[in-house]
Structures are given as C-alpha cells and as structure tokens.
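Asker: Make a model of this:
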Amino acid sequence: MSATNLRISLERIAENYQMFVDATKSGSFSSSEVAAVVKADAYGLGVEPIAQTLSKVGCKTYFVAHGFEGRELRAFAPEAKIYVFHGALPNEEELFREYGLIPVVHSFSSLERWRAFSQASGYSDLALQVDTGMNRLGFQPDEFLRLMEDDLLLEGLDIHLIMSHLACGDEVENIKNKKQLGLFKDLMAQRPSWLSHVPLSLANSAGTLLEADYQFDVCRVGIGLYGGNPFSGRANPCSPVVTVETPILQISEIEMGESVSYGGRWTAPRLSRIATVGVGYADGYLRAAGGQGTVAIDGRRVPIVGRITMDLIMIDVTDLSTEAVQVGSLVEMMGETILIDQIADNAETIGYEILTSLGRRYRREYFS
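Answerer: The predicted structure is shown next:
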C-alpha cells in the first residue's frame, strides 16, 4: 500500500451540502432543491462513499456527465433522479432506459433521436438545456423559441427540467451573470402553459450563493461540495474536505550554489537542507507549480524547490529544526494549511483540475 494518505472527510461533504441547502432557504424559490454534481468519480474523490453520504443527508437528485457514470451511480443511489449532462449518445439510449437515467437534450438532432427512441420504447424522460451565453452545449435562444412554438416537437415526452449554465458565476461582479439571468428569465416566460410546471435550473455552486434570483427550482452544486472555492477573488465559504499527507523519504544538506531537480532551475542561496517526498505530477501535483508552491510540516509552510517530477517533490526545510524534520516525518501536501485553490493558483489552474488529477496511487481513507 502507498505510504501517502489521502483522507476524505465525509462529514465535511455533508456540512458543505447543508450550507448550500441553507443558502436556498431565504431565496425567491424557497423550495429550491440542491442537487449534487458527482461527475468524474465525484471530482476524483470516489462516487460510491460520497453519493451514499449525500443520500443520507437528503440529496435526491444527481448530475453526471456520461451515461456510464449514471449507470455506476445508480447502484449507490437506487431511488435518486439522475441527469446526464451529455445526453444519450447514439446507440446508448437503451442504457438510459434500463437504469432510469435522464438525458439532458441540447440540440434538435439529439431531440429527434431521443423522440424516436421514446416512441419505440415508451421511455420518455428528458431534460432540456438552453444556451444563454456559455456557448458550449444547449439550444441557442432562437432554437429554443422555435421549440416552444411547436408543440409537436415535444409531444409525448416527459420533460423533468429546463436548464442553462453560468459562464462567469465565479466572478461575482461580472456583468455577464446578470445578462444570462435576464435572458434565461425572458426565455422561460415564453414557455407554453403546458410547460409552466417544469422545474428550472441555472445555478452551479457559485450561482447558488450569488443571489437568490439565480437559484430557481434546482441548484446544481459541484466544486463547493468537495471543498473547492466556487469564487475567484473571494473567501471560500466551503470547508476543506481533502487532506494529503506523505512521509519524508530523504533529507540532504547541500552547499550554497548547488542546484535541485531537473534543469537546475533552483540553486541554494545558502547552506540548505532539502527534503524529498514521494509524490509528483503523476499524483496530481502539477509540474507547473514547481518552485512556487508550499507544503506544511506541523502547520508551518515550507517552499517547494526545483521542478516537480513524476514521483518526487523537493522542499526546503532549512528553517525548521532537525527534531521537527526527520525521515518519516509527515508533510501536508493538501489540507487545512495547504488549500486546494492555493495549489491551483501556484500551477495557474483551478481546484477542479487538482482534485480530478489526484490519481490512484494514494491510500484512501474516508472518515466522518
């Protein structure tokens, strides 16, 4: 087994979920439901224990990206409503019927294919996505209006949700948020009366916390559940979930002017003690963070020096006592002191990429 521990707090995940639930209680849609986004194996942390935890605290609706993810999730959430963002791909429709998955339909071609399958199979559940400015997936506004004007296009189909997605929800002051909200409201106002009961969804983690107007009927919460910051340039309202600790493998004393790691990009400015730990970019510590990031020993930050390699990272422990730093001493790579988003900033990326890159080489422990 690996000597590196990846500890995941299921209690913190439940607390984060409840924080989002509480945020919806004061909104215009006081009955807003908080759904969990558990795609990519629950952002790399393990869909089985996380879905089971969320189900225990009241989560009844989940979103995944692919049909096969929905099939896997069904085993752990037998009564849940499961939406699939990518919709049903050609020849995948039977999988959706067998496991009770709901495709998010985002184009006329995917709608025509699903309608044909529905007529043949009798399985008619679906959701609709309209693009209000993300320009990724979804009916364009004019296409959506055509869809709303022609009842025959949706005849016989059971529509569970109409959704869109914020492009800049993490940027609180970005004017695009208001523009998308306004367009979504305008489009929904033009639904025919027979679709007026269908629940609406716009908010992701950030959108849920922006303002009550963004919440609508269903909020789709992802990164915030796992301790990542939903916002740019604002304090993280979510509790950290993941801790990674690994032991020191070796400590070396090097002279001033000696270099560390590939390319010799870092040289010691003084007589230095360098500790090596057994994780690297194969474990999700992106190479781009080399020479910029920090780790922690007993709550004290120490810098990463030299390039991050596939399996090893070097840290400068010169300023810590020899009693505090020995072979076998545990180093916090991520946790209460070293937050996910700080690691991401150092690598010029986002917390999502850090979490989903953590890999399989850890000894994983789930605790309450």
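Asker: Mind listing what's buried along the helix or strand containing R115?
Answerer: Using DSSP states H and E, R115 sits in helix 108-121. Residues of helix 108-121 classed as buried: 110-111, 113-115, 117-118 (neighbour count, 16 or more other Cβ atoms under 10 Å). Placement of C-beta: from N, CA and C, glycine included.
Asker: R220: how many residues sit nearby?
Answerer: Other residues lying near R220 total 24 when counted by other Cβ atoms under 10 Å.
Asker: Wasn't it part of a strand?
Answerer: Yes. R220 forms part of a strand when assessed by DSSP: H, G, I helix; E, B strand; the rest coil.
Asker: Tell me how far it lies from T322.
Answerer: Per Cβ to Cβ, to the nearest Å, R220 is found 50 Å from T322.
Asker: low-scoring pLDDT stretches of the protein, where are they?
Answerer: The model of the chain has pLDDT under 70 over residues 1, 26-30.
Asker: Strands of the stretch 201-350 of the chain, start to end?
Answerer: Along the stretch 201-350 of the chain, the stretches classed as strands by DSSP state E, counting those that start in this stretch are 218-221, 242-254, 259-260, 266-267, 272-277, 294-297, 300-305, 313-316, 330-334.
Asker: Export the ones you listed to TSV and append columns for distance to R74.
Answerer: Shown next, in TSV, are those (distance: least, Cβ to Cβ, whole Å):
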stretch	distance to R74
strand 218-221	19
strand 242-254	26
strand 259-260	49
strand 266-267	49
strand 272-277	39
strand 294-297	39
strand 300-305	41
strand 313-316	39
strand 330-334	31
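Asker: so which of those strands gets nearest E72?
Answerer: Closest approach to E72 among the strands of the stretch 201-350 of the chain (Cβ to Cβ): strand 218-221, 18.9 Å.
Asker: Distance to R234 for the buried residues of helix 108-121 - can I get that in CSV?
Answerer: Below are those laid out as CSV (distance: Cβ to Cβ, whole Å):
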residue, distance to R234
S110, 36
L111, 38
R113, 42
W114, 39
R115, 43
F117, 44
S118, 43
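Asker: and of these, the nearest to E33?
Answerer: E33 lies nearest to W114 out of the buried residues of helix 108-121, by Cβ to Cβ, at 23.8 Å.
Asker: now I304, which residues is it bridged with?
Answerer: For I304, the beta-bridge partners under DSSP bridges are I315.
Asker: now it: how far from E69?
Answerer: Counting by Cβ to Cβ, the gap from I304 to E69 is 34 Å.
Asker: ok, the residue nearest to R115 when sequence neighbours are not counted - contacts?
Answerer: Nearest residue to R115 in three dimensions, chain neighbours excluded: L157, at 6.4 Å (Cβ to Cβ, 6 or more residues apart in numbering). Counting by Cβ atoms under 8 Å, 6 or more residues apart in numbering, L157 touches 114-115, 118, 124, 126.
Asker: out of the residues you listed, who's nearest Q326?
Answerer: Looking across these and measuring by Cβ to Cβ, the closest to Q326 is L126, at 59.4 Å.
Asker: now the closest one: how far from S31?
Answerer: 22 Å.
Asker: Give me the nearest residue to the residue most central in space within the chain, chain neighbours excluded.
Answerer: Closest residue to the average C-alpha location of the chain: I223 at 3.6 Å, with Cα atoms, centre = their mean. With Cβ to Cβ, 6+ apart as the criterion, I223 has its nearest non-adjacent residue at 5.2 Å, and that residue is S205.
Asker: ok, so what distance separates the residue in the chain sticking out farthest from the centre from R270?
Answerer: What lies farthest from the middle of the chain is E255; by Cα atoms, centre = their mean that is 43.3 Å. Distance of E255 to R270, given as Cβ to Cβ: 9 Å.
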